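**Q** structure of the sequence below:
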Amino acid sequence: MTSPPKNNRRISTGGKDQTRMRIERMEAEREERRRLMQERKVEREKEEKRNLAAGNPGDVDFIGLVKKWRDEHANDALSLVSNEEQPKICIAVRKRPISDKERKRKDHDSVTCYHPTVTVHNCKVKVDGITKYLDHSSFCFDYGIDEDQTTEDIYQHSTLPLVEFTCSGKGGRATVFAYGQTGSGKTYTMNGIEAMVAEDIFHLLSLGNGPNLDDTIVLVSFFEIYGGRIQDLLNKRQRLKVLEDGKGEVVVTGLREFEANDPQHLLEYIESAQKNRTTHATEANDTSSRSHAICQIVLRDKESQKLRGKLSLVDLAGSERGSDTKSHNKQRRTESSEINTSLLALKECIRALGGGSSKHVPYRASKLTLILKDCFTSSLARTTMIATVSPGASSADHTINTLRYADRIKEKKISEFRSQRKKALANNDEMKPRLRPGKNTQNTVDYLDVHHPSLHESDDEIYQSADESDAEEFADLHRTVQNLFEEEESLLNLHMSVIQENAELLTEEGKLLQGVQSDTVNDYNIDAYAHRLGSILDRKAYLISCLKDKLGAFRTQLQREEQLSKKVVSLPGY
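**A** Next up is the predicted model:
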């Protein structure tokens, strides 16, 4: 009898133990991750409250990345010391504080000014849609003024040397420009500078080192360039014309100059003119300056009227990208096109003044540069450009465009800045690095790694491709805008002439009708009445026909400008 086969299979619990242990370990790791996430969430909320209390709301991660970068580069800043010799072109950048409007939309500070560099921290997200990082763009200028400095600080370093140059009695032409995105603080900065200029001009003249108040008169004029038209802000916005005399000198016909006897008198003229300046609401600013405002202070000899010095304070209209004008009407688009055209011409003129690569000074490219011709062509010309930037992260693209504009004017190379820094560090007694309290100053970096890649390459190589591909579209738009302004001027002049002549004809008709209705009228008088009335009606029909033709030509230019504006706005980089 055979026994049943034995079951040799052995039951092992080792596999179940390993599986259970893995599950328990995964549960423990999951709980640890949840705990860490909760801690990070609580810490993030605390950090957000601290940022709100410090007046810097926004994305906590990006704010942390900016703070980390600033901690690492705190020892890169140099002391704010004026240059011993004022250059022909001085570029200063001013960063304004975060505004209440930016705080409400939780726009954090994304611009760092460590003199003489200005760095924009552009917030980016990697392709995974989660990882956040910063794209740093740094530029070097003569002066980098942060939000802790006042208007007096930027005036002392950038404008006061030009005031002294103007009052030296050598016939110098000094010009101060305020440039930047609309809402970045240009007008605020220029208003403060104008007040200090009024005080210092009379103070320097009272010293008697050069011209003095006994033999020198101070004259002020204030006008604006709006939409291709020039208007005198001190003379009821009277329309002015720009002409050239036989000697090639540019003359603004009809511009009134007023004599100022003291700083208060001069400042009253300036404030009165500022109230008449043209402003309109745009997408970027509710009260955007839509005109270039030019305040000219001229020093002349009392007897001979010879020019002893001229200072021009120019508050430029707010710059805008084409994408910011997409909802503008025709007038706003025309204004923006004219503003950008004049700003491009201004950049090339200033570059030519500094002995740049351009041999031709294109001062005829806009009325702004034409009026300031002597400031670009005179051997005794000095220029300061104050570029104002907004600190908000949403304005990073605008800020980079402003800094590139200013950088292209001066074309200050990175090698020049490195030599400047070496000289500054070698003389620690006069220029010590400015260290901010609580910052980590152990780590140092090579400045070559900090600066934007555009400074390592030739500027011409960077912009050449974009300029060549889109040049024809921009040029066509520029020509159309110029024709539009000419047609508008011609239409307005013709309309005014037609109104005046119609008024004269209407007066003559009244007299003609009164004469034919008298009791002593005869057949001869009736024939003369009919003949003259026919001539008057023919003249009226001719005037109406001319006005209709001119209006049709103006409408055609309007339609063409609208089509080209839409086409140019769609171009990349505009």
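
**Q** which stretches in the stretch 251-400 of the chain count as helices?
**A** 263-274, 330-353, 367-371, 373-377, 396-410 (DSSP state H, counting those that start in this stretch).

**Q** same question but for the stretch 101-250 of the chain, I mixed them up
**A** Using DSSP H, counting those that start in this stretch, helices in the stretch 101-250 of the chain cover 151-154, 160-166, 186-207.

**Q** how about the stretch 451-574 of the chain?
**A** Going by DSSP H, counting those that start in this stretch, the stretch 451-574 of the chain shows helices at 459-516, 523-569.

**Q** select, out of these, the one closest to residue 350.
**A** helix 459-516 (14.3 Å; C-beta to C-beta). The C-beta positions use only the backbone N, C-alpha and C, and glycine is treated the same way.

**Q** coming back round to it: which of the helices of the stretch 251-400 of the chain has the lowest average pLDDT?
**A** With a mean of 75, helix 330-353 has the lowest mean pLDDT of these.

**Q** does residue 300 really touch residue 217, like I thought?
**A** Yes: Residue 300 is in contact with residue 217 according to C-beta atoms under 8 Å; the separation is 5.5 Å.

**Q** now the nearest residue to residue 269 once chain neighbours are set aside: how far from residue 306?
**A** Nearest residue to residue 269, sequence neighbours excluded (C-beta to C-beta, 6 or more residues apart in numbering): residue 220, at 5.1 Å. Distance, residue 220 to residue 306, using C-beta to C-beta, to the nearest Å: 18 Å.

**Q** which one of the two is surrounded by more residues?
**A** residue 220 (24 against 10; other C-beta atoms under 10 Å).

**Q** shouldn't the more buried one be in contact with residue 268?
**A** No: Residue 220 is not in contact with residue 268 according to C-beta under 8 Å; the separation is 9.9 Å.

**Q** quick one: contacts for the residue nearest to residue 269?
**A** Listed by C-beta atoms under 8 Å, 6 or more residues apart in numbering, the contact partners of residue 220 are 234, 257, 258, 260, 266, 269, 270, 295, 296, 297, 298.

**Q** surely the fifth one is in contact with residue 201?
**A** Which is residue 266. Yes: with contact defined as C-beta under 8 Å, residue 266 reaches residue 201; the gap is 7.5 Å.

**Q** between these two, which contacts overlap?
**A** 218, 297.

**Q** could you give the bridge partners of the spatially most central residue of the chain?
**A** Centroid check for the chain by C-alpha atoms, centre = their mean gives residue 180 as the closest residue, at 2.4 Å. For residue 180, the beta-bridge partners are residue 388 (DSSP bridges).

**Q** what bits of the protein have low per-residue confidence?
**A** For the chain, applying pLDDT under 70 flags the ranges 1-16, 82-84, 279-289, 320-335, 353-359, 411-475, 477-478, 519-524, 565-574.

**Q** please repeat the previous calculation with a cut-off of 50.
**A** Across the chain, the ranges flagged by pLDDT under 50 are 322-323, 325-327, 357-358, 413-418, 427-469, 571-574.

**Q** list the buried residues in stretch 539-548.
**A** For stretch 539-548, a neighbour-count test (16 or more other C-beta atoms under 10 Å) marks 540, 543, 547 as buried.

**Q** distance to residue 240 added to the residues you listed, as JSON lines?
**A** Below are those laid out as JSON lines (distance: C-beta to C-beta, whole Å):
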{"residue": "540", "distance to residue 240": "32"}
{"residue": "543", "distance to residue 240": "28"}
{"residue": "547", "distance to residue 240": "25"}
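
**Q** with respect to residue 401, which of the residues you listed is nearest?
**A** Using C-beta to C-beta, the buried residues of stretch 539-548 come closest to residue 401 at residue 547, 42.5 Å.

**Q** need the contact list for that closest one.
**A** With C-beta under 8 Å, 6+ apart, residue 547 has these contacts: 494, 495, 498.

**Q** what about it, distance to residue 560?
**A** Distance from residue 547 to residue 560, by C-beta to C-beta: 21 Å.

**Q** which residues touch the residue lying closest to residue 344 once chain neighbours are set aside?
**A** Nearest residue to residue 344 in three dimensions, chain neighbours excluded: residue 365, at 7.6 Å (C-beta to C-beta, 6+ apart). For residue 365, the contact set (C-beta under 8 Å, 6+ apart) comprises 341, 342, 344, 345, 348.

**Q** just give me the neighbour total for residue 485.
**A** 17.

**Q** that one and residue 226 touch, don't they?
**A** No: if you go by C-beta under 8 Å, residue 485 and residue 226 don't touch, sitting 10.9 Å apart.

**Q** just the buried ones out of the contacts of residue 547, please.
**A** Buried among these by 16+ other C-beta under 10 Å: 494, 498.

**Q** can you lay out the contacts of residue 547 as TSV showing distance to residue 158?
**A** Shown next, in TSV, are the contacts of residue 547 (distance: C-beta to C-beta, whole Å):
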residue	distance to residue 158
494	46
495	46
498	51
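
**Q** any idea which of the contacts of residue 547 is closest to residue 189?
**A** residue 495 (40.1 Å).

**Q** residue 530 versus the closest one, what's the distance?
**A** For residue 495, the distance to residue 530 - C-beta to C-beta - is 30 Å.

**Q** got it, and residue 226?
**A** 49 Å.

**Q** the more surrounded of the two?
**A** Legend: neighbour count by other C-beta under 10 Å for residue 226 and residue 530, higher for residue 226 (21 against 12).

**Q** who are the contact partners of the more buried one?
**A** Per C-beta under 8 Å, 6+ apart, neighbours of residue 226: 278, 290, 291, 292, 335.

**Q** tell me the two of the residues you listed that are most distant?
**A** 292 and 335 (11.1 Å).

**Q** which neighbours do those two share?
**A** 226, 317.

**Q** between the contacts of residue 547, which is nearest residue 157?
**A** Of the contacts of residue 547, the one sitting nearest to residue 157 (C-beta to C-beta) turns out to be residue 495, at 50.4 Å.

**Q** which ones are touching residue 66?
**A** 108, 109, 110, 112, 121, 134.

**Q** which SSE is it in?
**A** Here residue 66, judged by DSSP states H and E, is contained in helix 60-72.

**Q** using PDB, write down the CA coordinates of that helix.
**A** Listed next in PDB are the C-alpha coordinates belonging to helix 60-72 (Å, rounded to 0.1, in the frame of the first residue of the first chain):
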ATOM      1  CA  VAL A  60       7.400  84.900  -2.400                       C
ATOM      2  CA  ASP A  61       9.600  82.600  -4.500                       C
ATOM      3  CA  PHE A  62      10.700  85.300  -6.800                       C
ATOM      4  CA  ILE A  63      11.200  87.800  -4.000                       C
ATOM      5  CA  GLY A  64      13.400  85.200  -2.200                       C
ATOM      6  CA  LEU A  65      15.500  84.700  -5.400                       C
ATOM      7  CA  VAL A  66      16.000  88.500  -5.800                       C
ATOM      8  CA  LYS A  67      17.000  88.800  -2.100                       C
ATOM      9  CA  LYS A  68      19.500  85.900  -2.400                       C
ATOM     10  CA  TRP A  69      21.100  87.600  -5.500                       C
ATOM     11  CA  ARG A  70      21.300  90.900  -3.600                       C
ATOM     12  CA  ASP A  71      22.900  89.200  -0.600                       C
ATOM     13  CA  GLU A  72      25.600  87.600  -2.900                       C
END
